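>>> pasting the sequence and the predicted coordinates here, then a few questions.
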Amino acid sequence: MNHFVKRIHLLKERLAGKDLSFLKEKGAGEKYLPFYELPLKGAQQGAPADARERFVSLFLSYQIWRSDDELMRKEVSGLQSSLDRLLSVKGGQLKWLIAYANDQDLPAITLGDFWRGASAKAGEPTIPPAFTREGKKLIDVFMQEAKFGEQAAFAGRKEEFDKYYQKECSQVWSQFAANFSRGMERIRGQKEWQKMAEKMGTEQGPYFEFLTRLEKELGPLIGMENLPRWVRQVYQLRLSQTAEAAKQAAPAAAGPVAKAADELKKLFTAEKKDALQEGKERMESFLEAAKAYQDYRQALTSLAPIAGSRNQAFEQAARVFGDEPGTSKAPLYAAFGALAKMKEGLGGTRGGEETLTTFLSGPLKFYEIFMRLEAGCHLQSQWDSTVLSEMKAYQDLQAAQLLLSPDGPVEKFLKGPAAPFLVRSAERGYSAKKALGESISFSSSFFSFLQQREASKAVMMKSSYLVPIRGFPGEANPGARALPQRTILQLNCGGTAQTLEIFSYPKGPQNFQWTPPSCGDVTFQVDVGELALKKRYSGPNAFPEFLQDFQGGMRTFYPRDFPGEKAALERMGIQYLRIRYEIGGDQAAVRKFSAAPQQAPRTIAACWE
């Protein structure tokens, strides 16, 4: 098709007496003689490259030199007949022109044109070249060269194509806008996000850069009267912004303001077929929407400083999570509120306003994600500098007590910087608070720690615990040649030993007074034959660990539990020893000390990867 059109065009130019010396330019063969290998089709397969080049050079020179007008007219007629037959094979329709334009090495419009960043992701939306100004220009030139419009048989087909093109073009641009926020996937790491955040609310940001491109491209492509409603609203809002800017810059200069007002009237006239009627009421509604749009842009400007300061990003995030959305003055809420008013002023959800407001919510979503990640980094930094740094000086029970203390660093952190981002309930304990449907990405280990901490706080607030223990004689497996003669349990507290000694009869209960700050090691001993089997529990949590081992009051020991005496026990035929106690009082509370957190998690919130 392109081959015939270009040939016809060249011949008509020559018949009109135009100089064709431009055919001598480099690359003229590819540009003005498409599919120039066709004449060589009868030659042997794989014609040499130099043969092809010689043919092209000779053919183009022939076009420049020839002067036989009658022969050229006959050639035009023959080529036109071939073109007509080819068009009839295609059913006379011209939709193939879109594929033709897409094959001409013109650039498509991509997310990378606006977002830059990393390479394209699979499935990213694009606007094919045919639906750009350059692509449409190429189609128009092609149709002009083919003179489709001069043929009555194709006049209707051209009109049909124009309608088809307008519809397809509108859908392609709308679909691109609907998926525009996928460009965020191209932005990697804190530095790139920060750089993008600096300009996100400006005309240089991707969203408003796209709207500028939209204004330049789509109106001329399909005509103002054929624009989708949401695109006309873009023109209207941007013109109102231009008028306001001109008014602010030079209140006395009516020219720019009047010009913008005239353009607005034209746009409203273009909507005469829409459900919304023209007139005073409609204009007032639009002016409200335009004012809301200005408020929205102003709120975006107020968000820009978070790009340069993590503290400001954290403060804004704390306002978003801590304030009531309906009454908050936070810029992010103000911007969303302005969008809602703009949507209402444009007619609610009628006629595609949802498309525009959804698109314009993109910069807000970007800022929301940015400030949320920055807030996570800030919280992690605060945790490092307040909780983790203070805990370095403490270990074991002292560490646990500090972690649980109502005046300790964890409690201060929860009531301080973390407070806006957490909620607490009796059933679930602590969980991440949501704002605008999202929350700070706290780590699961952080919530596990808080849950463990809450469970321990409930029982670890006493200064002293009383645990009565009644002991019973030890037992061994049937067939053992020796039985336990004595068991000893000893708790050391401040240089004083509390002891329960059992021989061949039950004894007790013996009251063990356990005071966390002063009580330490526990020694458990079983005498069998000449063996003294010992198990020691060390440190401030020694007694809780012993009680944990004897949870339920009974424990069975095996020779492997005493490696040094294993062989001797086996020689005595001992397969196991069973020791039993009855333990009451505060034993459940004391046992929980062994499960109390003694270390704070190192990572509590996601920061930039």
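Received it, and whenever you're ready, just let me know what you need. Numbers count the residues shown, from 1 in each chain.
>>> check the protein for its longest helix and report it.
The longest helix of the chain (DSSP state H) is helix 152-178.
>>> against which helices or strands is it packed?
Packing partners of helix 152-178 (3 or more CB pairs under 8 Å, 6 or more residues apart in numbering; DSSP states H and E): helix 96-102, strand 126-127, helix 133-146, helix 206-222, helix 229-249, helix 353-360. From N, CA and C alone the C-beta is placed, and that goes for glycine too.
>>> TSV for those, including mean neighbour count?
Shown next, in TSV, are the helices and strands packed on helix 152-178 (neighbours: other CB atoms under 10 Å):
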stretch	mean neighbour count
helix 96-102	17
strand 126-127	20
helix 133-146	17
helix 206-222	19
helix 229-249	19
helix 353-360	20
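>>> the strands in the chain, which residues?
Listed in chain order, the strands of the chain (DSSP state E) span 109-110, 126-127, 422-425, 429-432, 465-471, 475-476, 484-493, 496-502, 507-514, 519-528, 531-537, 554-557, 577-583.
>>> return the helix or strand in the chain with minimum mean pLDDT.
None of the helices or strands of the chain scores lower by mean pLDDT, DSSP states H and E than helix 254-269, at a mean of 51.
>>> do you know how far residue 323 is from residue 374?
Distance from residue 323 to residue 374, counting by CB to CB, to the nearest Å: 18 Å.
>>> what's the closest of the helices and strands packed on helix 152-178 to residue 504?
Smallest distance to residue 504 across the helices and strands packed on helix 152-178 (CB to CB): 83.6 Å, for helix 353-360.
>>> contacts for the closest one, please.
Contact partners of helix 353-360, identified using CB atoms under 8 Å, 6 or more residues apart in numbering, comprise 174, 177-178, 180, 207, 228-230, 233-234, 296, 339-340, 342-343, 346-347.
>>> and the pLDDT for residue 319?
You'll see residue 319 listed with a pLDDT of 96.
>>> list the contacts for the residue nearest to it when sequence neighbours are not counted?
Excluding the flanking residues, the one nearest residue 319 by CB to CB, 6 or more residues apart in numbering is residue 330, at 4.0 Å. Contacts here follow CB under 8 Å, 6+ apart; on that basis residue 330 touches 316, 319, 320, 323.
>>> if you set the cut-off to 6 Å instead, what comes out?
Shown in contact with residue 330 (CB atoms under 6 Å, 6 or more residues apart in numbering): 319, 320, 323.
>>> wait, which of those residues is closest to residue 160?
residue 320 (52.1 Å).
>>> thinking again about what came up before, gap between the residue nearest to residue 319 and residue 368?
Distance, residue 330 to residue 368, by CB to CB: 11 Å.
>>> with residue 412 instead?
To residue 368, residue 412 is 28 Å away according to CB to CB.
>>> tell me which of these two has more neighbours.
Comparing residue 412 with residue 368 by other CB atoms under 10 Å, the one with more neighbours is residue 368, at 22 against 17.
>>> sorry, back to before: just give me the closest of the contacts of residue 330 to residue 121.
Proximity of the contacts of residue 330 to residue 121 was ranked by CB to CB; the top entry is residue 320 with 28.5 Å.
>>> that closest one: neighbour count?
Other residues lying near residue 320 total 24 when counted by other CB under 10 Å.
>>> who's in contact with it?
Residue 320 neighbours (CB under 6 Å, 6+ apart): 330, 332, 435.
>>> number of nearby residues for residue 322?
When neighbours are counted by other CB under 10 Å, residue 322 registers 14.
>>> before we move on, the earlier item: in the longest helix of the chain, what counts as buried?
154, 157, 161, 165-166, 168-170, 172-174, 176-177 (16 or more other CB atoms under 10 Å).
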